[in-house]
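> My questions are about this predicted structure, shown below with the sequence.
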Number of protein chains: 2
Amino acid sequence: MKRMLASTAVALVAVALASPASADLKPEEQIEIRQAGYEFMGWNMGKIKASLEGDYNADQVSAAANAIAGIANSGMGALFGPGTDKDIGEVKTRVKPELFQNMEDVGQIARDFVDAANTLAEVAADGDADKTKAAFGDLGNACKACHKKYRAD
Amino acid sequence: MKRMLASTAVALVAVALASPASADLKPEEQIEIRQAGYEFMGWNMGKIKASLEGDYNADQVSAAANAIAGIANSGMGALFGPGTDKDIGEVKTRVKPELFQNMEDVGQIARDFVDAANTLAEVAADGDADKTKAAFGDLGNACKACHKKYRAD
């Protein structure tokens, strides 16, 4: 199931699928919603980091990891539709146009990201801080793989 | 586990817990992150609604429900800390001050919301559109219970 969802996410990215739900959204709405997803994942990444560096709270970390995995698997590729490659009025985006020109590479990066998020959620559910730390590092690298290539500073 | 997470969410709301992760956040950051969570849940609610009203896509609905449940269980109560009861510069909030004065009621509403989100995720995973529709309606009512009392129009 998770594998299937990962493939679905890639497919969404690869074809910038115009699903009914995303076709209804203006480009500026797509940008705002994808930024909301990244911001909320970022908050949860921060909570996991703080827990790994302080008193480990397995329940909080697992909940944070589930939030990240839920967002990662939700088909965010649909939020990179036509017209979302640049600022729209007050709605700014840091995405580089190169993202839309390298869909095969982006698809692989998206698949790695979803896999890493799912692995973190699975490992965190077991409550082992060391294994969670490793999976958290892998997810961070999966995030950076996209930021480095396709996000402006 | 889910019950425990629900209780945790309530506890977070009830005491506006200053966890290390939220203590590090400025009030305006807390407002922005909670709005990001609601916005991303809203996108996923919209996808589920569109699927229920059109061609039912069980995988997409399940993924959307998991995203909502993941966010709902992530301890958003920590994002309602001191100073987040009003606009801060350019960061606007629609929360009514009454929310912070009725923590017992808010705790119950939060628990009902998390329960409804978990139920929707469980039902959607089975792929039955009718049962999902009912659970989706229940979740919508759980959202509205808070909006009606504690969110300005």
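Yes, it's here.
> From the chain's centroid, how far away is the helix or strand hosting A:Asp115?
Using DSSP states H and E, A:Asp115 maps to helix A:103-126. Centre-to-centre, helix A:103-126 and its host chain are 8 Å apart (Cα atoms, centre = their mean, to the nearest Å).
> and it, average pLDDT?
For helix A:103-126, mean pLDDT rounds to 98.
> list the buried ones in it?
A:103, A:106-107, A:109-121, A:123-125 (16 or more other Cβ atoms under 10 Å in any protein chain shown). For every residue, glycine as well, the C-beta is placed using N, CA and C.
> Same check on stretch A:28-42?
So for stretch A:28-42, counting by 16+ other Cβ under 10 Å, buried means A:28-41.
> For those residues, could you give me CSV that also reports distance to chain B?
Listed next are the buried residues of stretch A:28-42 as CSV, based on distance: Cβ to the nearest Cβ, whole Å:
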residue, distance to chain B
A:Glu28, 13
A:Glu29, 9
A:Gln30, 9
A:Ile31, 12
A:Glu32, 7
A:Ile33, 5
A:Arg34, 9
A:Gln35, 8
A:Ala36, 4
A:Gly37, 5
A:Tyr38, 8
A:Glu39, 4
A:Phe40, 5
A:Met41, 9
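> got the angle between the longest helix along chain A and helix B:27-53?
Counting by DSSP state H, the longest helix found in chain A is helix A:27-53. Helix A:27-53 and helix B:27-53 are oriented at 120 degrees to each other (axes from the mean of the first three to the mean of the last three Cα atoms, to 10 degrees).
> what bits of chain A have low per-residue confidence?
Along chain A, segments meeting pLDDT under 70 span A:1-23.
> In it, which residue sits nearest chain B?
Of all residues in chain A, the one sitting closest to chain B is A:Gly70 (2.7 Å; Cβ to the nearest Cβ).
> What about that residue, how many residues nearby?
Residues lying near A:Gly70 (other Cβ atoms under 10 Å in any protein chain shown) number 31.
> Point me to the helix or strand that includes it.
Judged by DSSP H and E, A:Gly70 forms part of helix A:58-72.
> which one is the residue of chain A closest to chain B nearest to, not counting chain neighbours?
Leaving aside its sequence neighbours, A:Gly70 sits nearest to B:Gly70 (Cβ to Cβ, 6 or more residues apart in numbering or on different chains; 2.7 Å).
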